Structures are given as C-alpha cells and as structure tokens.
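Peer 1: Sequence and predicted structure are below.
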Amino acid sequence: MNISNLFSIVTTVVACSLYVSVACSQTASIDGNQYAFTFSGNTNAEPKSGFGLYFNQNNPAPAQYEFLNSSGTPIFAIGAVSGHTRVEGAFSMGGNINMDNGTTLRIRGNNYAFQYYDNPNYGLYFSTTTQAYHFTGGNGLPVFTVNANSGDAALGGGLRIGNSNSSAIGYMRVNNGRFEGHDGANWKFLDNPPGLWLAAGGTLYSDSSIGIGTSTPAARLQVEVHAPATYAAHFGGKVSVGSQPYTNTEYMFTVDGHALFTEATVKLRNNWPDYVFHENYELTSLDELESFIENYGHLPEIPAAKDVEEAGIELGEMNRLLMQKIEELTLYTINQEKRIKELEAQIVSR
C-alpha cells in the first residue's frame, strides 16, 4: 500500500487500531489483485487468504471488490464496472427484506418486494390486508392484483394475449374492444356476431343470434353438425322448451306449446299386446264390459278424462292400450261372426 504524503511505510507491526481522518485529502491506492486492508489476526501467508477487502482485477473478469472470509473466499462482491452485487450468505435490509443463503428473497407484509428507482410508486407490493400481490402504477395504486390464496387476478387495464402480429392458431388479442382469435389464416372476432359476454354468475349471454357449426344462424341458436361429429347436441340433464319451464322432475323433456314431428319412435317398457291372441287370454264378456262402462264411463285400463286432463298421457303406453283394445275388439268381432253363422245354420235347418 502506498499512502502519498501521509506517512511512510513502517516495517514494524503495530498492535493498535489505524485511524484516518475524513478531512484528509490524500488518497490511499493499491495495485490490482491486492488487499485494501486485512484483519491483523490472519495467520495464512498466502497472497489472497483471510479476512479483508480485496480488489480482484481480472480473476474472474471483470474486476470486482470482494469481502473475503477466513479462507480467502468472497462472501460479498460488487462489480467494479457494472455495480452488480453478489451475496453468498443471508442478506437483510432494515429487517423488512431478507435473502436466505443468497437464493430466497423474503419480505415482511405490507412492504414492497421491489420498487423502481426513479419513481418508488412503481413496484411489487404484498398486502396482508388483502392477502394479495399488487403491481402498482405511477400513483402507487394497484394496476394488477393476484390473490395469494385463490389465484384470482384483477387487471386494471386492457389485456393483450399473444402476439397481435402472429399467424399461429390459437393466438388472441383485443381489437377495438373486442376479442379476436387467429384460426391460422385470419383474425376472427370471438364475439361474432357482437354481443356475447359473461354475465353475473358466469352465465354466457348474447343479445343476438348464436351459430354453432354455422356463421349465418337463422335462429337465436342454430347448431349444425359436420363430420366427424354425429350429434348436434347432448344434454346430460332435463330440457325444457317454451316460456313456462316445467318443474316436474319426472320428465326429461318438456314442451310448453305445440310440437311438430315428421317422424317419432317410442320405445315401450311393457310388452306389446300380442298376448291378447294367446289361447289362455281371458277376454272380458260383453255383459261385464257393458257394466264397467255404465259404472265408470270409460273402457277398462283406459284412463278417465279427468286423469288425462291432470297428468296427460304417455304416448307409448296409450298406443299399447289402444292396440290391446283393437285386438280385443277383433276377438269380439270373430266370436260374433261365429255366433251369427251358428244362428244362420240353425235357421236353415228348420
């Protein structure tokens, strides 16, 4: 060490503290790869070993100032050109920000993790009140917030997803307040036609027509099927059509109004009434049938008018009952034909 015009080099080791006044105008200078100062208790005679402040000129480059531990290893280094700082152990700043072992950054609640140097209103702030991370703007107010527990996020401004100039499929962007998605050939509005948004509670709402499989829907909702799809829609629960939804949980499909079918197939749970023509089938006598009609005003097994008015009819079951009555009527007709022929034969024989 050379200290010009301050004091001469003394070869004798003095066991006392060295004090240099800040009012001194002289400069202490050292060569590269040398200590600026060392701890007097260092016992190792190697050029770089023991406690002290060391100026490392070129190993490794670029040059840096190093605080060394007892073995001469840097534990705190500052780049002489860049000012970059490296800490090998725990690092604390006023107790509010701590870095463990040089890897994990920890901050106390209601403090900034970092701030912009020229305007400290900009930065990342953690609030224990809201339990959220806040990116703050120039006025110190949050512009982007992420809840630390749920992950829910709130954005104070517009959102652009992906590269607006990209032609990759799946990229999204906001154009004049509307979402666009790229299909690999063109940008297309995701709310085409306009007016599709999420209402309160996550309900998808539109004040215009929606087409699925078609870009020109002729109804409020039009679904078209294209290969390889085979179903236009599948509902895992009950469906109601009309202005008055039915609340009866017994029915999977309800219609309030008229319905038009060009073809309908009903699958029965019960047997089709071919059993009427079995030999052991007991056909009700006409006298018993007449008595039942006089007492109840309808055919046996056929629901009464009041029951139909209240509960309606099951198409499949009603067609089964009608076929049963037709087959029974056929047997009555056959029996009557046999009886008529017997009577005719008796008349002829007289």
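Peer 2: Thanks, I have the structure now.
Peer 1: where exactly do the helices run in the stretch 251-350 of the chain?
Peer 2: In the stretch 251-350 of the chain, the helices defined using DSSP state H, counting those that start in this stretch lie at 286-296, 305-311, 315-349.
Peer 1: any chance of those in CSV, with mean pLDDT and distance to M252 too?
Peer 2: In short, each C-beta sits where N, CA and C put it, glycine included. Converted to CSV, the helices of the stretch 251-350 of the chain look like this (pLDDT from 0 to 100; distance: least, Cβ to Cβ, whole Å):
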stretch, mean pLDDT, distance to M252
helix 286-296, 94, 32
helix 305-311, 92, 16
helix 315-349, 93, 14
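Peer 1: among those helices, which is nearest N59?
Peer 2: Nearest of these to N59, taken as Cβ to Cβ: helix 315-349 at 93.0 Å.
Peer 1: for that closest one, the distance to its chain's centre please.
Peer 2: With Cα atoms, centre = their mean, to the nearest Å as the basis, helix 315-349 stands 68 Å off its chain's centre.
Peer 1: Begin at 605 from now on, thanks
Peer 2: Fine by me, first position is 605 from now on; the one you just mentioned is helix 919-953.
Peer 1: quick one: buried residues of that helix?
Peer 2: Of all the residues in helix 919-953, those buried under the rule 16 or more other Cβ atoms under 10 Å are 924-925, 928, 931-932.
Peer 1: Would you mind getting the angle between that helix and helix 890-900?
Peer 2: Angle, helix 919-953 to helix 890-900, by axes from the mean of the first three to the mean of the last three Cα atoms, to 10 degrees: 140 degrees.
Peer 1: helices or strands up against helix 919-953?
Peer 2: Packing contacts for helix 919-953, counted by 3 or more Cβ pairs under 8 Å, 6 or more residues apart in numbering; DSSP states H and E, involve no helix or strand.
Peer 1: V870 and E921 touch, don't they?
Peer 2: No - using Cβ atoms under 8 Å, V870 is not in contact with E921; the gap is 9.0 Å.
Peer 1: who's in contact with G761?
Peer 2: V747 (Cβ atoms under 8 Å, 6 or more residues apart in numbering).
Peer 1: In which helix or strand does it reside?
Peer 2: Using DSSP states H and E, G761 sits in no helix or strand.
Peer 1: For it, give its distance to G693.
Peer 2: Distance, G761 to G693, by Cβ to Cβ, to the nearest Å: 41 Å.
Peer 1: Please apply the same query to K945.
Peer 2: Counting by Cβ to Cβ, the gap from K945 to G693 is 119 Å.
Peer 1: next one: F793
Peer 2: Using Cβ to Cβ, one gets 56 Å for the distance from F793 to G693.
Peer 1: More neighbours: which of these two?
Peer 2: Counted by other Cβ atoms under 10 Å, F793 and G693 do not tie: F793 has more neighbours, with 14 against 11.
Peer 1: just for the protein, where's the confidence low?
Peer 2: Residues of the chain meeting the criterion pLDDT under 70: 605-631, 647-650, 664, 694-708, 762-770, 774, 780-782, 795-806, 847-853.
Peer 1: quick check: domain ranges of it?
Peer 2: Per automatic domain parsing, the structural domains of the chain span 605-692, 695-759, 776-827, 877-953.
Peer 1: one step back: relative to R777, which of the helices of the stretch 855-954 of the chain is closest?
Peer 2: helix 919-953 (52.6 Å).
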